[in-house]
Each structure stands twice: as structure tokens, then as C-alpha cells.
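Visitor: Provided below for reference: sequence and predicted model.
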Amino acid sequence: MRVIRKAVAAVIFFLSIGLFAARDKTPAELQPAGAKEMKSLVRKDLLQLKLQEAAPPKRNIFAPRPAAGRPGDTGQRIGPVPPLNAGADNPEGEEQAVEAPPIMSVNLRYIGFISSPHRLVALIIFEGRAIAVSEGDVVGEGIRIGRVTREQVEVLLPDSSTRTFSLEGE
């Protein structure tokens, strides 16, 4: 039993020496002399990370905005909201021109519906795309479908207003 233990310890010792010696050599040096040189599977040129500066954001993706440059755009932009006490600082009673906030335009057409026992699916054309939607679906940036009936589709806009679109005639 002692002889076997000594033999196993000697084998482990020689193998560990061989591993340490092989660790310092390159893969080309470890190959036999007659072996064909193999290319590495690792592309080291792709591992070099090039740090680049990120460009500043072009817009705030969380802020609602009107459909600028889209079909059906009225060209109106959301301006500053007049203060609540606009008449308080005008003691003479002169009338001030208060601009109404612009209405967001939505390019949507209600062209049909699909009725099933469980729900009603509206067929709409939104910004040139034909879409099948039901209540609660989001079709655009902050634009959500409210109620769907056989006659009308209610759309909830990002500014918390609602618009209804009637079914187009035949």
C-alpha cells in the first residue's frame, strides 16, 4: 500500500512539473515538430475595446410631443401655459389675449371591426399602417385605445384628452 502511495505521489509530482513548464510556453511551442500550425479560434483584434463618447440625447423620450412632421400635422406646437391668475395682475380690467393650448393631431381612421363573443377588435389605419386593436392597446407614442364600439373608437392622447373616431361609411 505504501509503494502505491509513493508511486501515485511521484506521478502527480512529475505531472505538475510538466504543467508548470508547459504554462510558460506558447501554443506553437507545445505542438509536435511535424504538426501543422493551427490558427487560433479567438479573434484578438475584436477583443480590443474602443471607448467612444456618447452623443447627447436628441430629445426626451418620456415627454409627450405633438406629431411633428407626420401626415396630418397641423404645424402647431405646444407653447407655454398662461398663469392661473392672469387677470389678477390686470386691475384695469383690460382683456388679455389668452391662447388656447393647441390640440394634438392624430392621423387615424376607423375602417372596420371584427366581432367575437369575447371582445370587439377595431380595424384602424394609424399613420398609414393598418392595425387591428382592442381596448387598452398602445398604437403610438403615448396614444392608447380607450373604448371600442361598433360605431366609434375612443383614443386617449398623451395630454390626457380623448378623441373619438366614427366608423367610416361604405
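Guide: All right, it came through fine.

Visitor: which secondary structure element of this protein has the lowest mean pLDDT?
Guide: The weakest-scoring helix or strand in the chain, judged by mean pLDDT, DSSP states H and E, is helix 27-30 (a mean of 59).

Visitor: run through this protein and note the low-pLDDT ranges.
Guide: Residues of the chain meeting the criterion pLDDT under 70: 18-37, 64-103, 170.

Visitor: hang on, the earlier thing: next SSE downstream of the least confident helix or strand of the chain?
Guide: For helix 27-30, the following helix or strand on the C-terminal side (DSSP states H and E) is helix 44-47.

Visitor: mind listing what's buried in the helix or strand following that next one?
Guide: Downstream of helix 44-47, the next assigned helix or strand under DSSP H and E is strand 108-115. Using 16 or more other CB atoms under 10 Å as the test for burial, strand 108-115 gives L108, Y110, F113. C-betas here are computed from N, CA, C, even on glycine.

Visitor: list the buried residues of stretch 151-162.
Guide: So for stretch 151-162, counting by 16+ other CB under 10 Å, buried means V153, V155, L156, L157.

Visitor: what's the span of that stretch, first residue to last?
Guide: For stretch 151-162, the first-to-last residue distance is 16 Å (CA to CA, to the nearest Å).

Visitor: I would like the residues contacting that stretch, please.
Guide: For stretch 151-162, contacts defined as CB atoms under 8 Å, 6 or more residues apart in numbering pick out 64-65, 101, 103-104, 106, 108, 110, 122, 124, 133, 139, 141-148, 163-167.

Visitor: go with 6 Å
Guide: Residues from elsewhere that reach stretch 151-162, judged by CB atoms under 6 Å, 6 or more residues apart in numbering: 64, 104, 110, 122, 142, 144, 146-147, 163-167.
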